[in-house]
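Student: Need the 3D shape of this:
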Amino acid sequence: MCLAVPGRVLDIEERDGTRMATVDFGGVVKEVCLEYLPDLQVGEYAIVHVGFALQRLDEESAKQTLDLFAQLGMLQEEFGDPWELAAQAGETTPFPDEDVIEEARK
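Tutor: As a prediction, the model looks like this:
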């Protein structure tokens, strides 16, 4: 599942003509494209989906949503290490097609 997650902008820079930000999602830090919100500033919150900031969000709403996601374990699901998650599920790989390919090689 892919969520739209609120995050706080830590810093902003331009890379190869694209406005990018480092964003904190309740302790998980990721790089995010700001092209849809060109006036977003450091310290502000935005809803982010698949690496793009889509909508500005007030701090209270962002924190409430992050707390709820954390309580439900959704942040780990969204941002967790795919290898760790696969191991917890008893899978040999987080990418199901790899199992099929490996089995076909035998």
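Student: C-alpha from now on. contacts and neighbour counts both.
Tutor: Will do.
Student: Mind listing residues that contact the longest helix along the chain?
Tutor: Taking DSSP state H as the criterion, the chain has its longest helix at helix 59-72. Helix 59-72 is contacted from outside by Val5, Pro6, Gly7, Phe25, Gly26, Glu44, Tyr45, Ala46, Leu75, Gln76, using C-alpha atoms under 8 Å, 6 or more residues apart in numbering.
Student: what's the farthest-apart pair in the residues you listed?
Tutor: Distances among these were taken as C-alpha to C-alpha; the most separated pair is Glu44 and Gln76, at 22.9 Å.
Student: Output the lowest mean pLDDT helix or strand found in the protein.
Tutor: helix 96-105 (a mean of 50; mean pLDDT, DSSP states H and E).
Student: Of the contacts of helix 59-72, which count as buried by neighbour count?
Tutor: Among the contacts of helix 59-72, the ones that count as buried by 16 or more other C-alpha atoms under 10 Å are Val5, Pro6, Gly7, Phe25, Gly26, Glu44, Tyr45, Ala46, Leu75.
Student: Going along the chain, name the helices of the chain.
Tutor: For the chain, the helices defined by DSSP H cover 59-72, 74-79, 82-88, 96-105.
Student: quick one: low-confidence parts of the protein?
Tutor: Counting by pLDDT under 70, the chain has low-confidence residues at 1-2, 74-106.
Student: Could you point out the longest strand of it?
Tutor: Criterion DSSP state E: the longest strand present in the chain is strand 5-15.
Student: Given it, what are its sheet partners and their directions?
Tutor: strand 18-25 (antiparallel), strand 45-49 (antiparallel) (DSSP bridges).
Student: ok and the longest one relative to helix 59-72, angle-wise?
Tutor: Spelled out, that is strand 18-25. Relative orientation of strand 18-25 versus helix 59-72 (axes from the mean of the first three to the mean of the last three C-alpha atoms, to 10 degrees): 60 degrees.
Student: Just the buried residues of strand 18-25, please?
Tutor: Buried-residue list, strand 18-25, by 16+ other C-alpha under 10 Å: Arg19, Met20, Ala21, Thr22, Val23, Asp24, Phe25.
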